[in-house]
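Visitor: Kindly generate the corresponding structure for this input.
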Amino acid sequence: MSKGSQSSMFSKFARKFSSPRKSSAGEKVRLDEDEMKAAFRIFDRNKKGVITKSDIQRVLNMLGQEASTEELDLLMGEIDVDGDGTISLNEFKTMMERLMETNEQDDRQLLEDSFHEFDVYGNGLIGVEDLLYVFRKLGDDEITREEVEMMIIDATGTAKRKEVTLEEFKAVSKGF
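Guide: Down below sits the predicted model:
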């Protein structure tokens, strides 16, 4: 496994705990102290208060991932800031906070990428025709023009405009 894939391998597990959840109001909800400790304990099964290379290997194996000794050394080097060969709770928290920020950036990028996919004509707006085209491409031949127009009205807050900007798209997508 390459260095790039070793980071994504660990991220796959860590994202299970670090993916920002959203409240019913669409606000990001972070892991609290107890949740962070619970995630740490999944690694620290021997209850020594630190995570070792073998702890990481065990969790990765549970996830169906394999890592060589070199890859585990690289991974530990990224997280083990004090260089003592183990990951403390504080180092784990720092790593999780970094991953949470990365997840939020990825979410923003995914939202923008989705908008650009829907923006069939590339004019920076999603219109009725754009959405109809996307729905047809996805195999939905039953959605009507009126239903698509209602989606756009919901997004823009007005029946006068028949197109959605990126900012309106983000606002409507908030909480999903």
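
Visitor: in the chain, what secondary structure element scores lowest on mean pLDDT?
Guide: Between all helices and strands in the chain, the lowest mean by mean pLDDT, DSSP states H and E belongs to helix 3-18, at a mean of 45.

Visitor: continuing past the longest helix along the chain, what's the next helix or strand?
Guide: For the chain, the helix reaching the highest residue count under DSSP state H is reported as helix 89-118. Where DSSP states H and E defines the elements, the next helix or strand beyond helix 89-118 is strand 126-127.

Visitor: Could you list every helix and strand in contact with that next one?
Guide: In terms of contacts (3 or more Cβ pairs under 8 Å, 6 or more residues apart in numbering; DSSP states H and E), strand 126-127 is packed against strand 163-164. C-betas here are computed from N, CA, C, even on glycine.

Visitor: residue ranges with poor pLDDT in this structure?
Guide: Scanning the chain for pLDDT under 70 picks out the ranges 1-31, 102-103, 173-176.

Visitor: 50 - rerun?
Guide: By pLDDT under 50, the low-scoring segments of the chain are 1-10, 12-27, 29, 175-176.

Visitor: ok, and what's touching stretch 153-164?
Guide: Stretch 153-164 has contacts (Cβ atoms under 8 Å, 6 or more residues apart in numbering) with Leu125, Ile126, Gly127, Val128, Glu149, Ile152, Glu168, Phe169, Ala171, Val172.

Visitor: Count residues in the vicinity of the fifth one, would you?
Guide: Counted with other Cβ atoms under 10 Å, the neighbours of Glu149 add up to 16.

Visitor: ok, Asp130 touching Asp119?
Guide: Yes - in terms of Cβ atoms under 8 Å, Asp130 counts as a neighbour of Asp119; the distance is 6.1 Å.

Visitor: between the two, what contacts are shared?
Guide: Here Asp130 and Asp119 share no contacting residue, scored by Cβ under 8 Å, 6+ apart.

Visitor: for Ile42, what are its contacts?
Guide: Ile42 touches Val59, counting by Cβ under 8 Å, 6+ apart.

Visitor: That one and Leu74, how far apart?
Guide: Note on Ile42: its distance to Leu74, by Cβ to Cβ, to the nearest Å, is 21 Å.
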